[in-house]
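Would you be able to build a 3D model of this:
(one chain, ligands or ions: 1)
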Amino acid sequence: MRAVLYDRWGGPEVLRLAEVEVPVPQVGEVLVRVVATSINSWDWDLLTGKRYLVRPSGFAKGPKQLGFDVVGIVERIGPGVTRIRRGDAVLGDLAFDGPKAFAEFVVVKETALAVKPEGMSFTHAAALPQAGLLAALGLSGTPDIKSGSRILVNGAGGGAGTFAIQLAKLRGAHVTGVDSAAKLEAVRAAGADRAIDYAVTDFTRIGERYDRILDVVASRSPLDFARALAPGGRLAVVGGTPGALLGAATLGTVLGIFVGKRLGVVLHKADIHELERLAALGVAGRLTPVIDSTYPLEKIRDAFAHFASGRFVGKIVLAVDSAAL
Ligand SMILES: NC(=O)c1ccc[n+]([C@@H]2O[C@H](COP(=O)([O-])OP(=O)(O)OC[C@H]3O[C@@H](n4cnc5c(N)ncnc54)[C@H](OP(=O)(O)O)[C@@H]3O)[C@@H](O)[C@H]2O)c1
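Sure, this is the predicted structure:
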């Protein structure tokens, strides 16, 4: 089978399509014939090795793979698999299996897969898992988001942001989306009541207060975020540089205690029940993945070059089996 591999950290140029053995499912695992997948910023972080936490592992054990989001058809089941059957269309986030979905086949733990609803296209399903789950996690917990809650999404035009806008609107919130000028139209189209260009306006200094800030880029200090939160409000940082994440997790937590607000980092969970709920919203037409573009697997370098340019909104999908899409 063909799989995307890389042998050193770098940009799109270090990616290569190679022939590798089709993996064999073990106890509790299934073999999925991948129909489509999509790029997440976590893939980019792993490829570039920018996050220092990925560097110590190195390439001593050979080339690495990428790809967290998977949607495809179950080809084979391993011993002890009970919930998923051969021929099922499934989707999942491989956050805890390890990235490997940029390939024609992938072995996945049964527990990481949800059954794809019939009414959802493979393209939409490929865009949903990791970004949708990050958005849902960032909006979960107390205080509850309800009608009239004021929500700000920082990094609103990307994968997680475009889902977060829609999920917050479904609960009746007033949503402000912050991103670069080129993405503000898409931010409004996703449902945001207000769109702010981060290059022009610092949302932490305009005197507005939010009940929840969901931040995918951690572009402000904990002190700035605290200023922009309403009393009792909460900052959920889901992404950013390691330094910014550490700052939010340490200084943010301490600062929050003093100012009566909650500032912290949200750790990702590949929760299939939440994924099923998101997929059901998709089928009901209440949550629509924003698809920037679709590339065939052979054009993996072009797809990553487009991702690296930052000139995309929502998600970039990779068609592994174009005929089945
Ligand atoms: N918490 C966890 O356990 C966990 C697990 C997996 C992934 N993650 C992280 O979760 C995040 C998910 O993000 P994503 O997939 O939605 O990323 P994405 O698709 O790359 O979107 C990020 C968006 O932020 C915008 N942006 C960049 N700088 C900004 C700034 N200063 N202010 C406001 N917006 C800005 C980008 O637009 P421009 O480029 O046009 O500026 C882009 O539209 C990533 O950081 C990923 O590493 C976290």
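
Identify the residue nearest the residue of the stretch 201-325 of the chain found nearest the ligand in space, chain neighbours excluded?
Nearest to the ligand, among the residues of the stretch 201-325 of the chain, is G239, at 2.1 Å (C-beta to the nearest ligand atom). Quick note: C-beta positions are derived from backbone N, CA and C, even for glycine. Counting by C-beta to C-beta, 6 or more residues apart in numbering, V216 is the residue found nearest to G239 once chain neighbours are left out, at 4.3 Å.

And the one you found, what's its pLDDT?
Note for V216: predicted pLDDT of 95.

Over to R51?
pLDDT, R51: 67.

The one 4 residues further on too?
Predicted confidence (pLDDT) at R55: the value is 62.

Kindly report the same for A249.
85.

burial of it, as a residue count?
By other C-beta atoms under 10 Å, the residues close to A249 number 15.

Distance check, it against F163.
23 Å (C-beta to C-beta, to the nearest Å).

ok, now K50?
K50 is 24 Å from F163, by C-beta to C-beta.

ok, those two, which is more surrounded?
Under the neighbour definition other C-beta under 10 Å, K50 and F163 were set side by side, and F163 has more, 30 against 13.

With adjacent residues omitted, what lies nearest to the more buried one?
A135 (3.7 Å).

need the residues of the stretch 51-200 of the chain near the ligand, please.
With C-beta under 6 Å from any ligand atom as the criterion, the stretch 51-200 of the chain meets the ligand at residues 131, 134, 154-155, 157-161, 178-180, 183, 198.

How is the residue of the stretch 201-325 of the chain closest to the ligand assigned, secondary-structure-wise?
coil (DSSP: H, G, I helix; E, B strand; the rest coil).

Read off the pLDDT value for it.
pLDDT for G239: 88.

Would you agree R76 is in contact with L31?
Yes. Using C-beta atoms under 8 Å, R76 is in contact with L31, at 4.1 Å.

Overlap of the contact sets of those two?
Contact criterion C-beta atoms under 8 Å, 6 or more residues apart in numbering; residues shared by R76 and L31: P25.

what about the stretch 101-250 of the chain, any weak spots by pLDDT?
For the stretch 101-250 of the chain, no stretch has pLDDT under 70.

Count the residues that sit near L263.
Neighbours of L263 (other C-beta under 10 Å): 27.

Next: R205.
Residues lying near R205 (other C-beta under 10 Å) number 11.

Could you measure from it over to L223?
From R205 to L223 the distance is 12 Å (C-beta to C-beta).

which non-adjacent residue is nearest the closest residue to the ligand within the stretch 51-200 of the chain?
In the stretch 51-200 of the chain, the residue found nearest to the ligand is G158; the distance is 1.8 Å by C-beta to the nearest ligand atom. With sequence-adjacent residues excluded and distances taken as C-beta to C-beta, 6+ apart, G158 is closest to V216, at 6.2 Å.

residues touching the one you found, list them.
V216 makes contacts with 41, 134, 138, 153-155, 158, 160-161, 238-240, as judged by C-beta under 8 Å, 6+ apart.

If you rank the residues you listed by neighbours, which is first?
G161 (34 neighbours).

Report the buried residues of the strand or helix carrying it.
Per DSSP states H and E: G161 is located in helix 159-170. By neighbour count on 16 or more other C-beta atoms under 10 Å, the buried set for helix 159-170 is 159-169.

Parallel or antiparallel, which strands does the next helix or strand after that helix pair with?
Next along the chain after helix 159-170, taking DSSP H and E as the criterion, comes strand 174-179. Strand 174-179 pairs in its sheet with strand 150-154 (parallel), strand 194-197 (parallel), by DSSP bridges.

What about S180, how many residues nearby?
Count around S180 with other C-beta under 10 Å applied: 15.

got it, and A189?
As a burial measure, A189 scores 15 neighbours (other C-beta under 10 Å).

go on, the one 5 residues further on?
Residues near R194, counting by other C-beta under 10 Å, number 15.

List the residues that contact it.
When contacts are counted by C-beta under 8 Å, 6+ apart, R194 touches 174-177.

what's the farthest-apart pair in the residues you listed?
Farthest-apart pair in those is H174 and G177; separation 11.3 Å (C-beta to C-beta).

neighbour count winner among those two?
Taking neighbours as other C-beta under 10 Å, H174 and G177 compare with G177 leading, 28 against 17.

beta partners of the more buried one?
Note on G177: beta-bridge partners by DSSP bridges are V153, A195.

For S140, see how far away the closest residue to D292 other than its chain neighbours is.
Once flanking residues are discounted, D292 sits nearest to F312: 4.1 Å by C-beta to C-beta, 6+ apart. From F312 across to S140, the span is 26 Å (C-beta to C-beta).

which of these two has more neighbours?
Relative neighbour count places F312 above the other of F312 and S140, with 22 against 15, counting by other C-beta under 10 Å.

Torsion angles phi and psi at the more buried one?
phi -140, psi 160 (degrees, to the nearest 10).
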